[in-house]
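Peer 1: dropping the sequence and predicted coords here.
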Amino acid sequence: MPETKEVRWNHLTAAELNELAARGAVVLVSIGSTEQHGPHLPTGVDDFMAAEVCRRAAMLIDDGPPVIVAPSIPFGLAEHHMLFGGTLTLSLTTLHALLRDLCRSIDRAGFSGILIVNGHGGTMTALHALTTELTAELNIPVGFTNYFAAGRTVIREILETQDGLMHACEGETSMIMAALPELVRTQELDNAVGPAITLPAESTDPVYFAVPFRAITESGVAGNGNKGTAEKGERLLDGCAQALADALAARRHW
């Protein structure tokens, strides 16, 4: 993908951002998590991948108002990973306050809309509710998506051992191999295995209980991280970015 334009908020000057706001630009706010990702992946996986998908999606937008990518939020709701160590988590009230302040700043800067793009399963149900409150509070439209939900179809087509992203799995391992290969502990790949899980949004259980992730998997992995490849990762990143760009193009009235 040719790098012909700059889409990252913190790589632009204030004057450049003001000009983009005047052109009706929409801002992507990516949010991930800093949490354990098994023995082979860094703790920043969810943050890195949400931000990378947003950057690639913004680069794909050629017609209509531009898309800008705000600095990523590297923290989410990760209480269920705390027993493993290496995890930073926010409370729900802190998450709401942080998102409110950032989105208010984007609104005051004159931009035409905000799309929150999530990369962490543990935060997504809370973000649905917070998006509703932010919509009522701000003067501009606010949307929400999980990048792995926007790209669900392409993810299912590419992965060989699972139907969707799990945790430190075939998919996440592949994407890190493609984007940040130096961060993969390849010597630990044989240990990067764990049981399959169902994402909260796809669960059919009639009752929800908060369960520590360590009760699900001793390795910290859900899925098959040892099946990851950089080739799959590049296709996953591009496919999710294209799905996100298509969703943005369908809402150009922002």
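Peer 2: Noted; the coordinates are in hand. Numbering: from 1, shown residues only.

Peer 1: please, which helix or strand holds the residue lying closest to T123 once chain neighbours are set aside?
Peer 2: Distances taken as C-beta to C-beta, 6 or more residues apart in numbering put G76 closest to T123, at 3.8 Å, once the chain neighbours are dropped. (C-beta placed from N, C-alpha, C; glycine too.) If you go by DSSP states H and E, G76 is not part of any helix or strand.

Peer 1: now M124
Peer 2: helix 124-137.

Peer 1: may I have that helix exported as PDB, CA atoms only?
Peer 2: Taking Å, rounded to 0.1, in the frame of the first residue of the first chain, the C-alpha atoms of helix 124-137 are listed here in PDB:
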ATOM      1  CA  MET A 124     -16.900  -4.100  23.600                       C
ATOM      2  CA  THR A 125     -20.100  -4.400  25.500                       C
ATOM      3  CA  ALA A 126     -19.300  -1.400  27.600                       C
ATOM      4  CA  LEU A 127     -18.500   0.600  24.500                       C
ATOM      5  CA  HIS A 128     -21.900   0.000  23.100                       C
ATOM      6  CA  ALA A 129     -23.400   1.800  26.200                       C
ATOM      7  CA  LEU A 130     -20.800   4.500  26.300                       C
ATOM      8  CA  THR A 131     -21.400   5.300  22.600                       C
ATOM      9  CA  THR A 132     -25.100   5.900  23.300                       C
ATOM     10  CA  GLU A 133     -24.200   8.300  26.100                       C
ATOM     11  CA  LEU A 134     -21.600  10.100  24.000                       C
ATOM     12  CA  THR A 135     -24.000  10.500  21.200                       C
ATOM     13  CA  ALA A 136     -26.500  12.300  23.500                       C
ATOM     14  CA  GLU A 137     -23.700  14.500  24.900                       C
END
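
Peer 1: quick one: buried residues of that helix?
Peer 2: 124, 126-127, 130-131, 134 (16 or more other C-beta atoms under 10 Å).

Peer 1: still on that earlier bit, how close does the residue nearest to T123 get to E133?
Peer 2: To E133, G76 is 17 Å away according to C-beta to C-beta, to the nearest Å.

Peer 1: tally of neighbours for R108?
Peer 2: Using other C-beta atoms under 10 Å, R108 has 10 other residues around it.

Peer 1: got it, and V221?
Peer 2: Counted by other C-beta under 10 Å, the residues lying close to V221 total 28.

Peer 1: show me the contacts for it.
Peer 2: By C-beta atoms under 8 Å, 6 or more residues apart in numbering, the contact list for V221 reads 37-39, 167-169, 192-194.

Peer 1: quick one: which of the residues you listed sit in strands?
Peer 2: Within the contacts of V221, residues falling in strands by DSSP state E are 193-194.

Peer 1: so which of the contacts of V221 is the closest to M49?
Peer 2: Within the contacts of V221, distances to M49 taken as C-beta to C-beta reach their minimum at H37, with 10.6 Å.

Peer 1: beta-bridge partners for that closest one, please?
Peer 2: L41 (DSSP bridges).

Peer 1: pick the one among the contacts of V221 closest to G110.
Peer 2: Nearest to G110 among those: H37, at 37.5 Å, using C-beta to C-beta.
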